[in-house]
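Chemist: Next come a sequence and a model predicted from it.
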Amino acid sequence: MAKGRDNWLLTPSAMGEVDAAAAASGIDSFGLMEKAGQAVAAAVLRLFPGGERFVVLCGPGNNGGDGYVAARALRAAGAAVAVFHLGDPAKLKGDAATARSHCPIPGEPLETWRPAEGDVIVDAIFGAGLARAVPPVVADVVRRVDEAGLPVVAVDLPSGIDGRTGAVMGAAFRAHHTVTFMTRKPGHLLLPGRLYCGTVETFDIGIPFRLVEAKDERLFVNGPQEWRTSMPTADAAAHKFRRGHLTVFSGPATATGAARLAAAAGLRAGAGLVTVVSPTEAAAANAAHLTAVMLKAVDTESDLADYLRDERRATFVLGPGFGVGPKARAFVAALAAACRHLVLDADGISAFAEDPKALFSAFADGAPRLVLTPHEGEFARLFPDLAADPALSKVDRARQAAARANAAVVYKGADSVIAAADGRAVINENAPASLATAGSGDVLAGIIGGLLAQGVPAFEAAAAGVWLHGEAACRAGASLTAETLINHIDRWH
Ligand SMILES: NC(=O)C1=CN([C@@H]2O[C@H](COP(=O)(O)OP(=O)(O)OC[C@H]3O[C@@H](n4cnc5c(N)ncnc54)[C@H](OP(=O)(O)O)[C@@H]3O)[C@@H](O)[C@H]2O)[C@@H](O)CC1
Ligand SMILES: [K+]
């Protein structure tokens, strides 16, 4: 499948290996640094043509090396430039030492910098090599830049952001713009890192892309290139039975709306037939609001067993408004035993908080048939050890959860991560803030269910569902509600 460079993600350590492979293949590594620094200088001049003084803050590694190149290029363009360095610059090694030796501006110690009006900060202190919390002198400069409200252009990553996890390591610059090289890193997309990067520009410094591709970490930005070929074709769309049957379980009479939102979203996403299955006592409430969606009363496990006799009822959403308790667990067990596909959301997830293994073992066999859609709190209920491990990134957590549950996991948030049981993962970036609204998660569960019903495999349905949800939200505008969101879901074909 063709992967665009914009979708490619590499962790900083993998990027370091690509760098080493480039050098081993005969590519001049100082040439790469030169291109990186020149790109930074070009971005700075483009974004801040009226900057009075460009203050380049240089760290002790190659990120600092990029900074020395940028400082030289800015000076060559006629700008006023000052350089401040962290630590003893005489200790710089390799390309960074070369870059400094070519830079005509004598540096001063970082701690001597004082903000001046008109300063534009070029942050080249730490990039991919940030290994621990930033030292106090850097935290202090971060605070002073913040207080003075000075614009920052970050080299590779805002110093203090962990490129693997997006975590803030003690303190970090809030950049207006970040220039990174070859591919973005997970920390540019994962929160809170994303909020510190400003706009992100990925500059090609000339490493052959085959060397990047050789380091495929099976992690990409979510987009159609990841799932396009698994989506329903227009052909299948012609026949409503071939488009599959989605069933959504309703909660009790006081909590029916969530299931109807999911059902309506599943229909919009292309399921041929959608049924809301409801307790008898809630059937009147549901009937009053359903038209294209069908309704069926199911109260007990034996009612459900009858319902499952029809094999075409292959795909289910359980959780929105359903209630947390033994009924949820029993219904999920019945669906698993009958080999059905299931989106388990909200209460359906929380129902297994006491015994997550019961859920995982029910779906342990065969190709994944389960999609889990936890937000942060629900994730911690099912995977408390993963949620509590500070060494894991959100991507690591989602991947390990997916493997454990033999499921596709949508670890929700403004930086949703979707992971497959086989280790593939994508980070989503198209969800606007307006999606954080009541009922939005029910709509997402319905879209994913609608895609599963059409035969899309679990991971692809989950990733495509999250992306289509984000696209719908962008079209629905800032004042969207769950209802208006549904009207903006586009069927894929
Ligand atoms: N292909 C590419 O992408 C290219 C990348 N390039 C550039 O290289 C950059 C990566 O360079 P890098 O590996 O030298 O790491 P970098 O970020 O400079 O930091 C390492 C230094 O910081 C130190 N240090 C770390 N944490 C610390 C802390 N908390 N507090 C104090 N010190 C700390 C660490 O010390 P140590 O941990 O060893 O004690 C070491 O001295 C990359 O971001 C990009 O800008 C381009 O030039 C060309 C092609
Ligand atoms: K930086």
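Modeler: Cool, the structure landed. Ligands and ions are numbered 1, 2, ... in the order given.

Chemist: For beta bridges, what are the partners of residue 177?
Modeler: Residue 177 has these beta-bridge partners by DSSP bridges: residue 153, residue 199.

Chemist: Report the mean confidence score over stretch 389-398.
Modeler: In this model, stretch 389-398 has an average pLDDT of 98.

Chemist: so how far is stretch 253-267 off the chain centroid?
Modeler: 26 Å (C-alpha atoms, centre = their mean, to the nearest Å).

Chemist: Tabulate the CA atom coordinates of it in CSV.
Modeler: Taking Å, rounded to 0.1, in the frame of the first residue of the first chain, the C-alpha atoms of stretch 253-267 are listed here in CSV:
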residue,chain,number,x,y,z
ALA,A,253,-36.2,3.5,29.2
THR,A,254,-34.3,6.3,30.9
ALA,A,255,-31.2,5.8,28.6
THR,A,256,-32.2,5.1,25.1
GLY,A,257,-30.8,8.0,23.2
ALA,A,258,-27.2,6.8,23.0
ALA,A,259,-28.2,3.6,21.2
ARG,A,260,-30.3,5.5,18.7
LEU,A,261,-27.4,7.9,17.9
ALA,A,262,-25.1,4.9,17.3
ALA,A,263,-27.8,3.2,15.2
ALA,A,264,-28.4,6.3,13.0
ALA,A,265,-24.6,6.7,12.6
GLY,A,266,-24.2,3.1,11.5
LEU,A,267,-26.9,3.5,8.9
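
Chemist: average pLDDT across it?
Modeler: For stretch 253-267, the per-residue pLDDT averages 97.

Chemist: For it, buried residues please.
Modeler: 255-267 (16 or more other C-beta atoms under 10 Å). (C-beta placed from N, C-alpha, C; glycine too.)

Chemist: Show me which residues of stretch 50-62 are buried.
Modeler: Neighbour-count burial for stretch 50-62 [16+ other C-beta under 10 Å]: 51, 54, 55, 56, 57, 58, 59, 60, 61, 62.

Chemist: Equivalent analysis for stretch 397-411, please.
Modeler: Buried, per 16+ other C-beta under 10 Å, within stretch 397-411: 397-402, 404-411.

Chemist: likewise stretch 359-375?
Modeler: For stretch 359-375, by 16+ other C-beta under 10 Å, it's 359, 360, 362, 363, 368, 369, 370, 371, 372, 373, 374, 375.

Chemist: How far off centre is it?
Modeler: 21 Å.

Chemist: now stretch 339-357
Modeler: For stretch 339-357, the distance to the chain centre is 22 Å (C-alpha atoms, centre = their mean).

Chemist: try stretch 25-45
Modeler: 28 Å.

Chemist: That one and ligand 2, any residue contact?
Modeler: No. Contact of stretch 25-45 with ligand 2 (C-beta under 5 Å from the ion) is absent, the minimum separation being 9.6 Å.

Chemist: what's next to that stretch, contact-wise?
Modeler: Identification of contacts with stretch 25-45 by C-beta atoms under 8 Å, 6 or more residues apart in numbering yields 19, 22-23, 51, 54, 62, 65-70, 72-74, 77, 79, 94-96, 98-99, 120, 122, 124, 153, 155-156, 177, 179, 181, 201, 203, 205-208, 211.

Chemist: What of stretch 250-257?
Modeler: 258-260, 276-279, 281-282, 284-286, 289, 320-323, 347, 439.

Chemist: what do you get if the cut-off is 7 Å, keeping everything else the same?
Modeler: Contact with stretch 250-257 is made by 258-259, 276-279, 281-282, 285-286, 321-323, as judged by C-beta atoms under 7 Å, 6 or more residues apart in numbering.

Chemist: Give me the subset of those residues lying in strands.
Modeler: 276, 277, 278 (DSSP state E).
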